[in-house]
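# Requesting a structural model of the entry that follows:
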Amino acid sequence: MGELEDAVMTRVWKWNRPVTVREVLEDLQQERSIAYTTVMTVLDNLHQKGWVRREAEGRAYRYEAVSTRAAYAAALMNDAWSQSDNPAAALVAFFGMMSEEQRQALRDAVRIVQGPETHEAPQAPQEENPGAPGEATGR
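Got it, this is the predicted structure:
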């Protein structure tokens, strides 16, 4: 995503509802000078790329995010990681760049993905009945 696409998507994700070109334009204009047609083109491009869906409302469209910002970030990380010729080294370097808070978030995420842990000790195998199956031992 380019810088302007990211600025538009940031608003779509933040508002978490269908938005119009006009709403995005008015919010963006608080930071920069930008034309209605530029915002309309960016939202159309995001629609073509599959990041937003749109629904006609009169002569205009309302745009809504297809996925979350977290899913977008995950897709970026996966894309970058898959392009590495040494994925393990890339992960080690990435982890080395993380703050302690980010490393804790990673540990939490790994626990979620792995599912609930069982804290029970493994059971010792039970001794089998020395008699034949279904046969009384006479004890």
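# Next one: the spatially most central residue of the chain from Gly50, what distance?
For the chain, the residue lying nearest the average C-alpha position, counting by C-alpha atoms, centre = their mean, turns out to be Ala71 (2.2 Å). In this structure, Ala71 and Gly50 are 12 Å apart, going by C-beta to C-beta, to the nearest Å. For glycine as for every other residue, the C-beta is placed from the backbone atoms N, C-alpha and C.
# those helices in this structure, which residues are they?
Shown for the chain, the helices assigned by DSSP state H span residues 3-15, 21-28, 36-48, 69-82, 87-97, 100-114.
# if we compare these, which one ends up closest to Arg62?
Arg62 sits nearest to helix 21-28 of all these, at 9.2 Å, using C-beta to C-beta.
# what mean pLDDT would you report for stretch 23-43?
Confidence over stretch 23-43 (mean pLDDT, whole number) is 96.
# Render the CA-only coordinates of that stretch in PDB, please.
Coordinates of each C-alpha in stretch 23-43 appear next as PDB, following Å, rounded to 0.1, in the frame of the first residue of the first chain:
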ATOM      1  CA  GLU A  23     -16.100  11.800   4.700                       C
ATOM      2  CA  VAL A  24     -12.600  10.600   4.000                       C
ATOM      3  CA  LEU A  25     -11.800  13.700   2.000                       C
ATOM      4  CA  GLU A  26     -12.900  16.000   4.800                       C
ATOM      5  CA  ASP A  27     -10.800  14.200   7.300                       C
ATOM      6  CA  LEU A  28      -7.700  14.100   5.100                       C
ATOM      7  CA  GLN A  29      -8.100  17.800   4.300                       C
ATOM      8  CA  GLN A  30      -7.300  18.600   8.000                       C
ATOM      9  CA  GLU A  31      -3.800  17.400   7.300                       C
ATOM     10  CA  ARG A  32      -3.200  18.200   3.600                       C
ATOM     11  CA  SER A  33      -4.600  19.700   0.500                       C
ATOM     12  CA  ILE A  34      -6.200  17.000  -1.600                       C
ATOM     13  CA  ALA A  35      -8.900  16.800  -4.200                       C
ATOM     14  CA  TYR A  36     -12.200  14.800  -4.100                       C
ATOM     15  CA  THR A  37     -11.200  13.000  -7.300                       C
ATOM     16  CA  THR A  38      -7.900  11.900  -5.800                       C
ATOM     17  CA  VAL A  39      -9.600  10.300  -2.800                       C
ATOM     18  CA  MET A  40     -12.200   8.700  -5.100                       C
ATOM     19  CA  THR A  41      -9.400   7.200  -7.200                       C
ATOM     20  CA  VAL A  42      -7.500   5.900  -4.200                       C
ATOM     21  CA  LEU A  43     -10.700   4.200  -2.900                       C
END
